[in-house]
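K.L.:
Build me a model from this:
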Amino acid sequence: MEKNRNYYIAIALSVLIVLGWQFLYMNPRMEAQRAAQQAQQAQQAEMQAQSQAAGNPQADAAGGQAGQTGQSGQVSGTLPGSSQAPAAATREQAIARTPRVAIDTQALSGSINLTGARLDDLHLRDYHETVDPASPTITLLSPADTKGGYFTEIGFIPGENVGSVPGPSTVWTVASGDKLTAQTPVTLQFTNDKGVVFSRTFAVDEHYMVTVTDKVENATGAAISLASYGRVTRYNKPEHASVYVIHEGFLGVLGTEGGLTEESYSSVEKEPYTFPKATGGWLGITDKYWATTLIPPQTLPYEARFTHFADGQARFQADYKTDAVTVQPGQSTEMKNLIFAGAKEVPLVDGYEQSLGIPRFDLLIDWGWFYFITKPMFKLMDFFFRYFGNFGVAILCTTIVVKLLFFPLANKQYASMAGMKRVQPKMEELKAKHGDDRMALQQAMMQLYKEEKINPIAGCWPVLLQIPIFFSLYKVIYVTIEMRHAPFFGWIQDLSAPDPTSLFNLFGLLPYDVPHALMIGVWPIIMGITMFLQMRMNPTPPDPTQAMIFTWMPLVFTFMLASFPAGLVIYWAWNNTLSIMQQALIMKRNGAKIELFDNLKGVFRRKSTAGK
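P.N.:
Got it, this is the predicted structure:
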């Protein structure tokens with residue numbers, strides 16, 4: 001019995017650790033980061049100048065469209081960009097300033113900016129800012145001359161004999177197509193001062209993958225060389241810092257054999273990350289539910305960086321530059337880049353990895369350390385969702401499956417508990433017999449366990465194995481977009497958000513708002529009650545400290561889990577209920593007395609006595 005109580009205490013401590021990280025690792029250090037940024041600005045500028053002097057082709061992504069011809073067709077220049085602060089324009093004003101081609105698909109709306117041929121205006125039609133379907137749709141990308149600039153751009157760096165190349169200030173003309181849809185691509189064109197013709201075709205699928213095909217035709221009389229670049233640039237970090245269970249910031253798989261690389265905004269602010277030359281892979285910037293990533297030409301070697309620039313408009317940037325390619329006179333070459341800009345839907349991301357051959361693209365979704373548990377857990381829940389059409393019901397069904405998988409271990413756990421209860425009188429006799437001789441008592445107890453065929457540690461494994469299950473379910477509910485704004489029944493309209501009701505305004509009957517700390521909703525209360533009943537299935541421990549923990553733990557958990565996603569609280573309450581039924585069934589089968597009703601009578605009897 002003491003072992004079992006210790007396991008509950010272990011679970012409590014584990015959840016306390018999760019809560020501690022969640023609420024204390026938010027890192028609201030904006031002022032400190034700004035101060036550090038200002039202190040580093042001069043140093044970064046000096047380093048960038050030194051890099052440019054050394055001929056680093058990626059020395060300053062904020063520099064102008066500089067480019068010099070190197071030997072053997074190599075290029076030596078900078079990735080384009082603007083170091084000036086953006087004009088104070090509204091998003092609508094910024095969009096109206098430049099010529100554009102509309103984007104109109106089932107999943108996306110927005111436009112392509114013909115200046116730079118960049119994606120800087122994108123809305124996600126299927127996702128709204130709140131659970132209200134009339135609320136605005138999610139804005140993913142915004143123009144560079146707004147305070148919330150966030151865009152992606154593909155361009156060229158000049159090499160030998162090529163002349164000027166398309167960059168961020170180049171105004172392209174529309175060669176074909178007046179609107180980008182899933183059925184109709186758009187082709188843009190630019191001809192430079194030497195007669196080199198650049199054609200760029202945008203195509204988009206029914207979801208969030210944009211294919212950018214560049215064709216370069218050499219109409220000059222000499223061989224030309226040039227390199228391509230791609231960048232995702234963002235001015236601001238998310239308004240709310242992410243909790244430890246999810247990564248937001250820079251990420252990528254750099255090379256076909258590379259693993260996932262993740263870097264936070266704060267670490268990139270301290271120093272840029274430059275990666276060795278690679279072939280294949282992808283890189284970009286991710287939020288909790290959305291991402292903007294570049295998939296370079298998978299056959300061309302490239303160099304990649306994660307950087308932060310403080311000159312002029314502060315900005316974060318994930319970029320790459322390919323090796324130079326040579327185009328002979330009268331010949332042409334094509335380069336194909338992919339841009340993913342949208343919602344991180346699990347089946348969609350997995351599908352892109354398979355259909356487009358993007359290495360480990362499924363890691364765009366942060367499955368965490370327990371990847372081998374978390375992703376199958378989601379797939380099981382998604383299976384039930386597709387059958388029942390409700391993720392809350394899917395959570396209930398998934399809990400039953402997990403219970404069935406752990407039933408053999410749980411059977412041993414409860415059978416061991418029943419055996420421990422059965423020999424409780426004999427254990428008391430041994431304690432009286434051996435007194436303070438702990439060594440003799442331990443030996444006698446081990447002999448008793450052996451004679452009665454009881455394994456005193458059998459109850460440990462189900463609890464220990466269910467801890468990663470709990471964390472994995474928490475991860476699934478917290479990070480997968482499928483849970484965002486997913487309703488259950490009644491007042492639960494978003495399983496990824498806390499229960500919106502509160503005991504302290506009688507669940508909305510009283511006309512006032514409740515402080516966040518007192519938002520103790522219906523489902524947390526149900527969870528607390530089921531936890532209380534589950535713990536009362538066992539005798540109250542004789543040790544006063546353990547007895548206090550035993551008594552107050554359900555109340556403490558009720559307050560702690562009130563701020564957790566409602567889906568997780570529903571899982572815990574349902575899991576407790578199944579555990580009560582399972583324990584009662586197994587203990588009855590093993591001839592052990594079920595303590596629940598006697599314990600409840602004892603609790604109320606003590607309260608009644610204390611009141612007299």
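
K.L.:
End to end on stretch 485-496, go ahead and measure it.
P.N.:
In terms of Cα to Cα, to the nearest Å, the two terminal residues of stretch 485-496 are separated by 7 Å.

K.L.:
What average pLDDT does it get?
P.N.:
The average pLDDT within stretch 485-496 is 90.

K.L.:
what do you get for stretch 299-316?
P.N.:
Mean predicted confidence for stretch 299-316 is 90.

K.L.:
export it as PDB, just CAs?
P.N.:
Taking Å, rounded to 0.1, in the frame of the first residue of the first chain, the C-alpha atoms of stretch 299-316 are listed here in PDB:
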ATOM      1  CA  THR A 299      20.300  18.600 -56.500                       C
ATOM      2  CA  LEU A 300      22.300  21.900 -56.000                       C
ATOM      3  CA  PRO A 301      24.700  22.300 -53.100                       C
ATOM      4  CA  TYR A 302      23.800  25.300 -50.900                       C
ATOM      5  CA  GLU A 303      24.900  27.200 -47.800                       C
ATOM      6  CA  ALA A 304      22.300  28.100 -45.200                       C
ATOM      7  CA  ARG A 305      22.100  30.500 -42.300                       C
ATOM      8  CA  PHE A 306      19.900  31.500 -39.400                       C
ATOM      9  CA  THR A 307      20.500  35.200 -38.700                       C
ATOM     10  CA  HIS A 308      19.300  38.300 -36.900                       C
ATOM     11  CA  PHE A 309      20.100  41.800 -38.100                       C
ATOM     12  CA  ALA A 310      19.800  44.900 -35.900                       C
ATOM     13  CA  ASP A 311      20.700  47.600 -38.600                       C
ATOM     14  CA  GLY A 312      17.700  49.700 -39.500                       C
ATOM     15  CA  GLN A 313      14.700  47.400 -39.200                       C
ATOM     16  CA  ALA A 314      15.600  44.500 -36.900                       C
ATOM     17  CA  ARG A 315      14.700  41.200 -38.500                       C
ATOM     18  CA  PHE A 316      15.200  37.500 -38.300                       C
END
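
K.L.:
Report the buried residues of that stretch.
P.N.:
Across stretch 299-316, burial judged by 16 or more other Cβ atoms under 10 Å covers 300, 302-311, 313-316. To be clear about C-beta, it is placed using only N, CA and C from the backbone, and glycine gets the same treatment.

K.L.:
Report the distance from that stretch to the chain centre.
P.N.:
Taking Cα atoms, centre = their mean, to the nearest Å, the mean C-alpha location of stretch 299-316 is offset from the chain mean by 22 Å.

K.L.:
residues contacting G177?
P.N.:
G177 makes contacts with V101, T184, P185, V186, T187, as judged by Cβ atoms under 8 Å, 6 or more residues apart in numbering.

K.L.:
Which helix or which strand is home to the second one?
P.N.:
This means T184. Using DSSP states H and E, T184 is not contained in any helix or strand.

K.L.:
Show me where the stretch 451-600 of the chain has its helices.
P.N.:
For the stretch 451-600 of the chain, the helices defined by DSSP state H, counting those that start in this stretch cover 460-479, 522-535, 544-561, 566-589, 596-611.

K.L.:
about what we covered before: which among the contacts of G177 gets closest to Y387?
P.N.:
Closest approach between those and Y387, by Cβ to Cβ: T184, at 36.6 Å.

K.L.:
picking up where we left off before, now flag whichever of the contacts of G177 is closest to G116.
P.N.:
The shortest approach to G116 among the contacts of G177 belongs to V101, at 12.7 Å (Cβ to Cβ).

K.L.:
re earlier: can you convert the helices of the stretch 451-600 of the chain into TSV and add a column each for distance to S111, mean pLDDT and mean neighbour count?
P.N.:
Below are those laid out as TSV (distance: least, Cβ to Cβ, whole Å; pLDDT from 0 to 100; neighbours: other Cβ atoms under 10 Å):
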stretch	distance to S111	mean pLDDT	mean neighbour count
helix 460-479	30	75	20
helix 522-535	43	88	21
helix 544-561	44	77	16
helix 566-589	37	85	20
helix 596-611	64	58	11
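
K.L.:
Which one of these lies nearest to K344?
P.N.:
Closest among the helices of the stretch 451-600 of the chain, using Cβ to Cβ: helix 460-479, at 8.6 Å.

K.L.:
Which of the helices of the stretch 451-600 of the chain sits closest to H247?
P.N.:
With Cβ to Cβ, the closest approach to H247 among these belongs to helix 460-479: 9.2 Å.

K.L.:
shaky segments in the chain?
P.N.:
Judged by pLDDT under 70, the chain has its weakly predicted residues at 1-88, 240-244, 412-421, 452-466, 505, 508, 512, 516-517, 538-547, 590-612.

K.L.:
could you redo the last one with a cut-off of 50?
P.N.:
Within the chain, the stretches with pLDDT under 50 are 1-7, 10, 18-19, 21-74, 76.

K.L.:
Need the outlier residue of it, farthest from its centre.
P.N.:
K433 (58.4 Å; Cα atoms, centre = their mean).

K.L.:
Surely that one is in a strand?
P.N.:
No: per DSSP: H, G, I helix; E, B strand; the rest coil, K433 lies outside any strand segment and is helix.

K.L.:
need the strands for the stretch 301-450 of the chain, in chain order.
P.N.:
Under the criterion DSSP state E, counting those that start in this stretch, the stretch 301-450 of the chain contains strands at 301-309, 315-322, 325-327, 332-343.

K.L.:
Likewise for the stretch 151-300 of the chain?
P.N.:
Per DSSP E, counting those that start in this stretch, the stretch 151-300 of the chain carries strands over the ranges 173-176, 179-180, 186-191, 197-204, 209-217, 224-234, 249-254, 260-263, 273-279, 281-286, 290-295.

K.L.:
which helices and strands does the fourth one pack with?
P.N.:
Right, strand 197-204. Helices and strands touching strand 197-204, as assessed by 3 or more Cβ pairs under 8 Å, 6 or more residues apart in numbering; DSSP states H and E, comprise strand 179-180, strand 186-191, strand 209-217.

K.L.:
can you do 7 Å?
P.N.:
strand 186-191, strand 209-217 (3 or more Cβ pairs under 7 Å, 6 or more residues apart in numbering; DSSP states H and E).

K.L.:
Kindly present the helices of the stretch 451-600 of the chain as a markdown table, with separate columns for distance to E92.
P.N.:
What follows is those, written out as a markdown table (distance: least, Cβ to Cβ, whole Å):
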| stretch | distance to E92 |
| --- | --- |
| helix 460-479 | 33 |
| helix 522-535 | 41 |
| helix 544-561 | 43 |
| helix 566-589 | 36 |
| helix 596-611 | 63 |
